[in-house]
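Participant: This is a predicted model, with the sequence first.
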Protein chains: 2
Amino acid sequence: MAGFNFETLERENLGETVYARVAEALIKGRFAPDARLTIRELAQSLGTSVTPVRDAILRLIQDEALVQKSAREVRVPIITLERYREIRQIRLKLEGLAAREAALKAKAKDIERLHDLIALNERAIADKNWAEGLELNQTFHFALADIGDMVVLRGILNRLWLQMGPLIAESYHEGGRAMIDNHYAVLAAVENKDSDAAERAIIADITEGGNVILERLFSRRAAGADQAN
Amino acid sequence: MAGFNFETLERENLGETVYARVAEALIKGRFAPDARLTIRELAQSLGTSVTPVRDAILRLIQDEALVQKSAREVRVPIITLERYREIRQIRLKLEGLAAREAALKAKAKDIERLHDLIALNERAIADKNWAEGLELNQTFHFALADIGDMVVLRGILNRLWLQMGPLIAESYHEGGRAMIDNHYAVLAAVENKDSDAAERAIIADITEGGNVILERLFSRRAAGADQAN
DNA sequence: ATAAGAAACATGATGCATCAAACACCGCAA
DNA sequence: TTGCGGTGTTTGATGCATCATGTTTCTTAT
């Protein structure tokens, strides 16, 4: 075979590295919502000049994982209740689609991978290792898009997760078993090549897990109803 | 009311300007697929330094509206048949959702706007003004997300359109009435606040319009089956 | 066809101009 | 005297241009 088509060939840039590190920090919830980021400060803490940081910030703003409050103010966005609701609606459609495709296309090794991810996640939860659990949960959701061979969908999901990152990170441990219980149903459906069941299961997973986050957003709104503009 | 919350406050940058111009060129199909772009050349033709162009290109790569073939090679992507199929699947779900919401939330002025868009598009087609028709068609699809008040979905749609731009541009005029006929059904459904009908209509629109593009992709594949790598 | 040299390009660093927000200072009124 | 509002200055951060460097790619000659 002449040429293998790499979907995203990762180039080794400083800008790429900075992007990856900041993105990871966002997903892991290591930046508080509304925290202000300055290019110079980040550059100093990473030991580079401003240029690669500038590149990374620009890309994250494009992802809507960061927002420009004003000309010289970049902040971690505060996700509103309405925005989270919309993201959840979108996820239900997209991940439902991914789950359907995954159920149709899954090979034996794919099923094994899903199985392993659940097992690892189960262990992380038992150990109260929330950071690990958070990451495994994300990997599981992405895996469906991977198995379904949907690269565009995978990209969209990546961005959505980047936006939800800070929010999910602070709620994940409250979810308890609701964050993983439905994964078993997803796995079973994929194993049976049952598209309908797979979609139903992933929808249940997103819905139930999301309720924890919605409650948090409700209480936040109730608490700071009209103090902030 | 204290503060009005602008969703996207547009800052007046050179980088922003360059982004907008290149993005428009992509959507209008003014760059051929596989065309190579160099930062320096663009900078010269726009009369700026490389910095703003660099910023714009970086953002467009993030959108997957441009691709990095190798370290120093940025090209307009060639959309494969599989990729277009996936994008269409995604659009069916997302725009279906947008149409449902639009049907629920549309005000009188929104319906009037849709009506006007169709009328203008009808005229553009009659005049064989394909560029105008192309833009109005896009505006109509975006309008449903706007009316449905789905800002996240709107952003995703924007990016998808940016990716499909070159492809749609070269096929639009082949679509003939198929590109607009279903818009009437969408309008009627929104007017009747009938979510189900609105979703069905937009799905029909995307599907039928997409068939023209799929045919083109099929013939392209058949023609250049194994000449390119 | 291959290899070596030359041209070209992107990346990353740095410097400068600009611009906005914070802050302190000052005057004025209660 | 104290509190408040307005004004001018200062600080700090970004946008853009330019420069240096290393790599890639095109060209040309064998």
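Facilitator: Cool, got the structure.

Participant: Could you tell me the average pLDDT over the longest helix along chain A, please?
Facilitator: Across chain A, the helix with the greatest residue count (assigned by DSSP state H) is helix A:195-223. Mean per-residue pLDDT for helix A:195-223: 92.

Participant: Buried ones in that helix, by neighbour count?
Facilitator: Neighbour counts over helix A:195-223 (16 or more other C-beta atoms under 10 Å in any protein chain shown) mark A:195, A:197-203, A:205-206, A:209-210, A:212-213, A:216-217 as buried. In short, each C-beta sits where N, CA and C put it, glycine included.

Participant: Equivalent analysis for stretch A:101-115, please.
Facilitator: In terms of neighbour count (16+ other C-beta under 10 Å), stretch A:101-115 has its buried residues at A:101-103, A:106, A:110-111, A:113-114.

Participant: and the longest helix of chain A, what does it pack onto?
Facilitator: For helix A:195-223, the packing partners by 3 or more C-beta pairs under 8 Å, 6 or more residues apart in numbering or on different chains; DSSP states H and E come out as helix A:81-105, helix A:151-175, helix A:181-191.

Participant: list the contacts for the closest residue to residue A:149 other than its chain neighbours?
Facilitator: Among residues not flanking residue A:149 along the chain, residue A:105 sits closest, at 6.1 Å (C-beta to C-beta, 6 or more residues apart in numbering or on different chains). By C-beta atoms under 8 Å, 6 or more residues apart in numbering or on different chains, residue A:105 lies in contact with A:147-149.

Participant: Specify which member of those is nearest to DNA strand D.
Facilitator: Nearest to DNA strand D among those is residue A:149, at 27.7 Å by C-beta to the nearest atom of the strand.

Participant: tell me the secondary structure for the closest one?
Facilitator: Classification of residue A:149 by DSSP: H, G, I helix; E, B strand; the rest coil places it in coil.

Participant: Need the contact partners of stretch A:119-139.
Facilitator: Counting by C-beta under 8 Å, 6+ apart, A:27-29, A:117, A:140, A:161, A:168-169, A:172-173, A:176-177, A:179-180, A:183 sit against stretch A:119-139.

Participant: can you pull the contacts of residue A:183?
Facilitator: The contact partners of residue A:183, by C-beta under 8 Å, 6+ apart, come to A:114, A:117-118, A:121, A:140, A:205.

Participant: give me that answer again for 10 Å
Facilitator: For residue A:183, the contacting residues are A:114-115, A:117-118, A:121-122, A:136-137, A:140-141, A:201-202, A:205, by C-beta atoms under 10 Å, 6 or more residues apart in numbering or on different chains.

Participant: Which of those fall within helices?
Facilitator: Using DSSP H, A:114-115, A:117-118, A:121-122, A:136-137, A:140-141, A:201-202, A:205 are the members of the contacts of residue A:183 that sit in helices.

Participant: Look up how far residue B:106 lies from the residue sitting nearest the centre point of chain A.
Facilitator: Chain A has residue A:161 as the residue nearest its centroid, 2.6 Å off, counting by C-alpha atoms, centre = their mean. Separation of residue A:161 from residue B:106 (C-beta to C-beta, to the nearest Å) stands at 31 Å.

Participant: can you list the residues of chain A near DNA strand C?
Facilitator: For chain A, the contact set with DNA strand C under C-beta under 7 Å from any atom of the strand comprises A:11, A:13-15, A:48-52, A:55, A:70-73.

Participant: now the helices and strands packed on helix A:195-223 in TSV, with mean pLDDT?
Facilitator: Converted to TSV, those look like this (pLDDT from 0 to 100):
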stretch	mean pLDDT
helix A:81-105	97
helix A:151-175	92
helix A:181-191	97
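
Participant: Show me what the helix or strand containing residue A:19 is packed up against.
Facilitator: Applying DSSP states H and E as the criterion places residue A:19 in helix A:14-27. Here helix A:14-27 touches helix A:39-46, helix A:50-62, helix A:130-147, helix A:151-175, helix B:50-62, going by 3 or more C-beta pairs under 10 Å, 6 or more residues apart in numbering or on different chains; DSSP states H and E.

Participant: For the residue nearest to residue A:149, give its distance to chain B.
Facilitator: Computed as C-beta to the nearest C-beta, to the nearest Å, the residue A:105 to chain B distance reads 12 Å.

Participant: Could you do residue A:206 as well?
Facilitator: The spacing between residue A:206 and chain B, counted by C-beta to the nearest C-beta, is 14 Å.

Participant: Run through the residues that contact the nearest residue to residue A:85 once chain neighbours are set aside.
Facilitator: Ranked by C-beta to C-beta, 6+ apart and with sequence neighbours excluded, the top spatial neighbour of residue A:85 is residue A:214, at 7.5 Å. Counting by C-beta under 10 Å, 6+ apart, residue A:214 touches A:81, A:84-85, A:88, A:171, A:207.

Participant: Can you lay out these as CSV showing distance to residue A:19?
Facilitator: What follows is these, written out as CSV (distance: C-beta to C-beta, whole Å):
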residue, distance to residue A:19
A:81, 29
A:84, 24
A:85, 28
A:88, 26
A:171, 25
A:207, 31
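
Participant: quick check, nearest of those to residue B:221?
Facilitator: Distance to residue B:221 across the contacts of residue A:214 (C-beta to C-beta) is lowest for residue A:88, with 37.6 Å.

Participant: what separates the nearest residue to that closest one once chain neighbours are set aside from residue A:92, distance-wise?
Facilitator: Using C-beta to C-beta, 6+ apart and skipping the chain neighbours, the partner closest in space to residue A:88 is residue A:210 (4.9 Å). From residue A:210 across to residue A:92, the span is 9 Å (C-beta to C-beta).

Participant: Ok, residue A:164 next?
Facilitator: Distance from residue A:164 to residue A:92, by C-beta to C-beta: 14 Å.

Participant: which neighbours do the two share?
Facilitator: Taking C-beta under 10 Å, 6+ apart as the contact rule, residue A:164 and residue A:92 both touch residue A:210.

Participant: These two: who's more crowded?
Facilitator: Taking neighbours as other C-beta atoms under 10 Å in any protein chain shown, residue A:164 and residue A:92 compare with residue A:164 leading, 23 against 18.

Participant: Residue ranges of each domain in chain A, please.
Facilitator: Domain assignment for chain A by automatic domain parsing gives A:14-75, A:81-223.

Participant: Which of these sits closest to DNA strand D?
Facilitator: In terms of C-beta to the nearest atom of the strand, the element of these nearest to DNA strand D is domain A:14-75, at 3.7 Å.

Participant: Now do that closest one: distance to the chain's middle.
Facilitator: From the chain centre to the centre of domain A:14-75 is a distance of 17 Å (C-alpha atoms, centre = their mean, to the nearest Å).

Participant: what's the average pLDDT for it?
Facilitator: 94.

Participant: so, in contact with DNA strand D or not, it?
Facilitator: Yes: interface with DNA strand D: domain A:14-75 contributes A:37-41, A:50-51, A:54, A:71-72, A:74 (C-beta under 7 Å from any atom of the strand).

Participant: Of those residues, just say which sits nearest to chain B.
Facilitator: Distance to chain B, by C-beta to the nearest C-beta, is smallest for residue A:71 among the residues of domain A:14-75 next to DNA strand D, at 5.9 Å.
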